[in-house]
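1. Pasted the sequence and its predicted model underneath.
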Amino acid sequence: MMNTLELLATPLLHSANVLLLGMAVIAMLRLRRLALQLRRTADNAGGRTKVDSTIESSQNSGLLRVERQLRELQSTVRVLAQTPKPERTGTKAPASLSYAMRMAKQGASKNDLVKNCGLSTAEASLVRKIHCRN
């Protein structure tokens, strides 16, 4: 059963990945547009080789930065995916525990207690053993 932190962190990590990839695409599109503008300017001025080398070096440095940021993000995601998930504290709201006891007295199954009361499987088994009439 996922805790609240996991439920919030997983979509945020995916969103961050998508956002970074989108930013990389936008940066590359801007670099291409800038390169075209520089080529047009150079064609008009007649200095094509110097401008071409400037364009290529700026594109390469931009690509290197985006690749580095993407690798950093991927390593962060890997680390977060490998971290152990926190154990449940076992503290239940008194209302859900009393509801679980009532359900067990009425013959509810262990799965019903887990699903409806938020108990772990072991807790549901214990509540059934103590309060079940069968």
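-> Ah, there it is. Quick caveat: nothing in here was measured; it's all calculated off a predicted structure. Numbering: from 1, shown residues only.

2. where in the protein is pLDDT low?
-> Within the chain, the stretches with pLDDT under 70 are 1-10, 45-55, 83-95, 133-134.

3. Which strands or helices does the helix or strand where V114 lies pack on?
-> Element membership for V114 (DSSP states H and E) is helix 110-117. Helix 110-117 is packed against helix 94-105, helix 121-131, with contacts defined by 3 or more CB pairs under 8 Å, 6 or more residues apart in numbering; DSSP states H and E. (C-beta placed from N, C-alpha, C; glycine too.)

4. how about those, which one is nearest L21?
-> Smallest distance to L21 across the helices and strands packed on helix 110-117 (CB to CB): 39.2 Å, for helix 121-131.

5. longest helix of this protein?
-> Determined from DSSP state H, the single longest helix within the chain is helix 4-45.

6. Give the next helix or strand downstream of it.
-> Downstream of helix 4-45 (by DSSP H and E), the next one is helix 48-82.

7. packing partners for that next one?
-> Contacts defined by 3+ CB pairs under 8 Å, 6+ apart place helix 48-82 against helix 4-45.

8. between the helix it packs on and helix 48-82, how big is the angle?
-> Interaxial angle, helix 4-45 versus helix 48-82 (axes from the mean of the first three to the mean of the last three CA atoms, to 10 degrees): 180 degrees.

9. How far off centre is helix 4-45?
-> Helix 4-45 sits 19 Å away from the centroid of its parent chain (CA atoms, centre = their mean, to the nearest Å).

10. what do you get for stretch 65-72?
-> 17 Å.

11. residues in contact with that stretch?
-> 20-21, 23-24, 27-28 (CB atoms under 8 Å, 6 or more residues apart in numbering).

12. again, 7 Å this time
-> Stretch 65-72 is contacted by residues 20, 24, 27 when judged by CB atoms under 7 Å, 6 or more residues apart in numbering.

13. Weed out the non-buried ones from these.
-> The neighbour-count test (16 or more other CB atoms under 10 Å) marks 20, 24 as buried among those.
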